[in-house]
Every structure is written in structure tokens, then in C-alpha cells.
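# model the structure of this input:
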Amino acid sequence: MSALLLRCSRGRVVTGFGTLSASRSKLVTQAAAMPQRCNLRKAHYQTEERGHPNSPDYRIYFKTSEGKYISPFHDIPLEAETEQDSDVPAKKPRKNESKVLFNMVVEVPRWSNAKMEIATKEPLNPIKQDVKKGKLRYVANVFPHKGYIWNYGALPQTWEDPNHQDKETECCGDNDPIDVCDIGTQVCFPGQVIQVKVLGILAMIDEGEMDWKLIAINAEDPDAQNLNSIEDVRKSRPGHLEATVDWFRKYKVPDGKPENQFGFNGQFRDKDFAVEIIKSTHEHWRALVQKQSNGAGIACKNISCCESPFKCSEEESRAVVQSAPAFGAACPVSPEVDKWHFL
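Numbers count the residues shown, from 1 in each chain. The predicted structure follows:
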């Protein structure tokens, strides 16, 4: 699988970001040790918060350890192994693509409710909280689930093209990066980047749009070595996959929306199928940043994609962040967020 890779991190892997804690204004760097068998190299990234948490102006921007502001959508490599630059072919044969680890940008921690997401239509694509009809969005607690039941996020350098119709479901993409559910045991934080092993995929249809949901596990998780397929998940974690389908089916119902539908009769597809979907959405992303397809309002500013007309300078990317409101105190959260819904 080819990729336009981040030049300043050639041969390295994104491993972590600043944590959301009492000292929110500080930039914290995390470098997590990877299993030796993966032969992965490390890279260090940071997050920088702007605006007021729990408010519409809150943003989480990304930058490298060298201080270069980047887009998590376009500048973080898709694959966790980056043995070649965007202009240089690999010097050795690639291993089986079903065994490749992918970088996942965590948007929402498990058990939390705020619908955080990569802002695809803003320069540098920071993480922000989604807003609907002027109000911040929170997912409802649909009994027995509390908030999101996995760490939820996206694969960088992927795009579900709204102009592309899936052959089997006959639905077009939802104009976002492909979504990931990390079923590992660690509770992550917004802006963290982890390496995941893909296990399978669910074809969710959200208001007529194709919205793939990858099932994956953090490569550092103690169970990662033992989970290699969607069937492994079914056998070792009874009820988890069924709960995942139930969650996606009902999570919008408390907001007055109909239940979501699914392709393939709600059955999960295997990891080989999932990898093919990843490859397809990566190629759609490549066309997007090279201005070979209609961007549908997507902001493509980046600092690393060599063939992209949207590539910008470090000064331009710094100006984007500096124009955002300064970091401030968190706003209160409505107690309605903790309400239970019984459907």
C-alpha cells in the first residue's frame, strides 16, 4: 500500500500526544514502547489546546517535536511502518498487508460522551467537538452503554469519497476519514495516536451514506497477540461485537433520528476485506490532496504531501494556530449528558 508520508518523520512512527489533565495548558509528549517484533521506530508529536474546553471554540492542534504544526488528517502517515519517503520506493519487499499496523488518531476516549472529531473543513484539521443546531453534540447513554464503548477515532490519510458509490451497498461515502473502534483495554485521550491491528469491519449506513467502522486493537494491548481476526474477537469476547452493532444502531435514536442500517445484514467482514477498504479510501484521499477529485469542502492544507497543491509553509501553518483563541478555563457540562435512555 503506497502512502504520502510525513517528510520530517521519515522512518519513524507516531506514538503519542499530550494528555488532557489538570495542567491542560502544558504540552505533554508521550513515547510508548512498541513490541520488538514489530520492528517499529518512534516519533514524538504534541498537541496544543486552544479555546475553552466544552465550548464551540475548543480545538486540539497537532505539531511535531520539532515544533512544526501539522494536519492529523493529511500529515500523519497511514501505516505505522514508514520505511520509504513519498518519493523513494521501499528497499525491501513489503510484508503481508493484512499484518500491517496502522496509525489511529483517537478522537473520543472510551466511556466519554462528547462527540469529538477531526475538523475536516478547517485548516490543519484540529480536533473539535461537533456542533448541531448551535449546540455541542454529546452521544446519549443508551442503556446499558455509557458513552462510547471503545476508543473511537480515525485512520489518517483516508477519505470516504461522497462521489464514490460502494458496489455492494450502493451507498456513497460520508466525506470523512474512515472510523476506527479500538477494542483494547487502555482508555485513551483525544489527540493520542496509537498503532492498531485491524481485525474486521462493519458496513454502517448512516442516513443513506456509507460509514465504514473498522474494528481494531491497540498493538500494545496485552490481548493484541491473541486477537488476529474478527472470529477471535467473537470467541474471546462474547457479546462485544453484538454490543457494537447495537450501539451503532441506536445511538442517534434519543435525538429523534431513526435507527441506523447496515450492509451485509449487519455482519462483520474479515480483516482482508477491511484492508481492501482501507486501501480504497487511501487512494481516494490521495486524489483529494492532489486535487484530482472534488474535495466537497474538505480543507487540505498540509506541510508534507509532496505532490499536493495544498502544501503550505511552516509559517502558514503556525499562523493558522496562532489565529485561534488562546486556551482558557473549561466551561461547565450540562447534567443532561449523564441521563440514561432506555430503548
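# for the rest of this, base every contact and every neighbour count on C-alpha atoms.
Noted.
# for Val233, give me its contacts.
227, 240-241 (C-alpha atoms under 8 Å, 6 or more residues apart in numbering).
# what's the spacing between it and Gln165?
30 Å (C-alpha to C-alpha, to the nearest Å).
# same question, Ala219
Between Ala219 and Gln165 the computed distance is 32 Å (C-alpha to C-alpha).
# go on, Thr244?
To Gln165, Thr244 is 25 Å away according to C-alpha to C-alpha.
# thinking again about what came up before, looking at Ala219 and Gln165, which is more packed in?
Using other C-alpha atoms under 10 Å as the criterion, Ala219 and Gln165 rank with Ala219 on top: 21 against 15.
# isn't that one right next to Gln195, touching?
Yes. Judged on C-alpha atoms under 8 Å, Ala219 makes contact with Gln195 at a distance of 5.7 Å.
# which neighbours do those two share?
Counting by C-alpha under 8 Å, 6+ apart, the residues touching both Ala219 and Gln195 are Leu101.
# am I right that Leu288 sits in a helix?
Yes. Membership of Leu288 in a helix is supported by DSSP: H, G, I helix; E, B strand; the rest coil.
# wait, what's in contact with it?
Neighbouring residues of Leu288 by C-alpha under 8 Å, 6+ apart: 294-295, 300.
# change it to 6 Å
Each residue near Leu288 by C-alpha atoms under 6 Å, 6 or more residues apart in numbering is listed here: Gly295.
# now the stretch 101-250 of the chain, which segments are flagged as low pLDDT?
For the stretch 101-250 of the chain, no stretch is flagged by pLDDT under 70.
# what about the strands in it?
102-108, 116-118, 127-129, 131-132, 135-136, 141-142, 151-154, 172-173, 179-182, 193-206, 209-218 (DSSP state E, counting those that start in this stretch).
# let me have the ones you listed in TSV, extended by distance to Pro77 and mean neighbour count.
Listed next are those as TSV, based on distance: least, C-alpha to C-alpha, whole Å; neighbours: other C-alpha atoms under 10 Å:
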stretch	distance to Pro77	mean neighbour count
strand 102-108	7	28
strand 116-118	15	26
strand 127-129	17	26
strand 131-132	28	12
strand 135-136	30	14
strand 141-142	34	21
strand 151-154	12	27
strand 172-173	21	22
strand 179-182	15	26
strand 193-206	11	25
strand 209-218	17	25
